[in-house]
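S.K.: What shape does this take:
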Amino acid sequence: MRTTLHKADTRGHANHGWLNSYHTFSFGSYNNPDRMSFGVLRVLNDDEVAAGMGFGTHGHSNMEIISIPLEGDLEHKDDMGNTTVIRQGDIQAMSAGKGIQHSEKNKSRNQQVKFLQIWILPNKVNVTPRYDQITLAQGSLKNNLQQIVSPNTNDEGIWIHQNAWFSLGEFDKDEASTYTLKDTANGVYIFLLEGKCTVNGVTLEKRDGLGIEETDKIDITYNENSKILLMEVPMAN
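M.R.: Model prediction:
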């Protein structure tokens, strides 16, 4: 088993006034050759957007983009005709494929929005762009690793063009969980959103990240009430 620990305070940081963003991997002006990706997990941005502000219309191609709101309401518009609002408890995915134009804006005029922006390198390029959004069942995360992303159209969560599975959970202090990899050639990147936990003997605190390779399962104990995101991804595309 190999592990790579990224403490929260080692992330890249950009504060543009309307946008306060922390980058686990190289992004924008943050360029760290030792922090380019974890396998096909290319971007993990922890974003806060000021009230009424947002990302204007811009383009992407050949990237699977997953957004996970943590607080507030984020309005999405794209050139496929989608206009939606994603809230805490929702999961959004876009396959940029051969090209998509979209915007993301804080829907509120009086409170910030917080969300994770995650980019995954796809296993198919130049596909027809697509958009999907789901709302998790209330209580589905309670002391449970709930699958929220998979490569299968008929599986739990939303599907993407990659052999990747994401799980999200909210655990009480002293609970424990085990995650068994779907594909043992994959690695798992754990991002602790809140709390404190121990993963295969490594202690994580709020916003720490841990990459684990060459294992078939992950054992987690929760030292405090915690919220956790697990991303199982191929280590090569």
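
S.K.: Rank the helices and strands of the chain by mean pLDDT and give me the bottom one.
M.R.: strand 54-60 (a mean of 88; mean pLDDT, DSSP states H and E).

S.K.: Would you mark the buried spots in that one?
M.R.: Residues of strand 54-60 classed as buried: 54-55, 60 (neighbour count, 16 or more other Cβ atoms under 10 Å). Yep, even glycine has a C-beta here, placed from its N, CA and C like the rest.

S.K.: now stretch 100-112
M.R.: Using 16+ other Cβ under 10 Å as the test for burial, stretch 100-112 gives 100, 102, 104-108, 112.

S.K.: what do you get for stretch 153-165?
M.R.: Using 16+ other Cβ under 10 Å as the test for burial, stretch 153-165 gives 156-165.

S.K.: And stretch 141-154, by the same measure?
M.R.: Neighbour-count burial for stretch 141-154, counted by 16+ other Cβ under 10 Å, picks out 141, 145-150.

S.K.: Would you tell me which one of those comes nearest to N31?
M.R.: Nearest to N31 out of the buried residues of stretch 141-154 is V149 (Cβ to Cβ; 27.3 Å).

S.K.: wait, isn't that closest one in contact with H161?
M.R.: No. The pair V149 and H161 fails to qualify as a contact (Cβ atoms under 8 Å) at a distance of 11.3 Å.

S.K.: Count the neighbours of A176 for me.
M.R.: Applying other Cβ atoms under 10 Å, we find 12 residues neighbouring A176.

S.K.: Check A14 too.
M.R.: Using other Cβ under 10 Å, A14 is surrounded by 15 other residues.

S.K.: Helix, strand, or coil at it?
M.R.: Classification of A14 by DSSP: H, G, I helix; E, B strand; the rest coil places it in strand.

S.K.: Who are the contact partners of the closest residue in space to it that isn't next to it in sequence?
M.R.: With Cβ to Cβ, 6 or more residues apart in numbering as the criterion, A14 has its nearest non-adjacent residue at 5.1 Å, and that residue is S21. Taking Cβ atoms under 8 Å, 6 or more residues apart in numbering, we find S21 in contact with 13-15, 27, 45-48.

S.K.: returning to what we had before: out of the buried residues of stretch 153-165, flag the one nearest to T180.
M.R.: Nearest to T180 out of the buried residues of stretch 153-165 is W165 (Cβ to Cβ; 10.7 Å).

S.K.: give me the element the most centrally placed residue in the chain is part of.
M.R.: For the chain, the residue nearest the mean C-alpha position is I118 (4.5 Å; Cα atoms, centre = their mean). Following DSSP states H and E, one finds I118 within strand 113-120.
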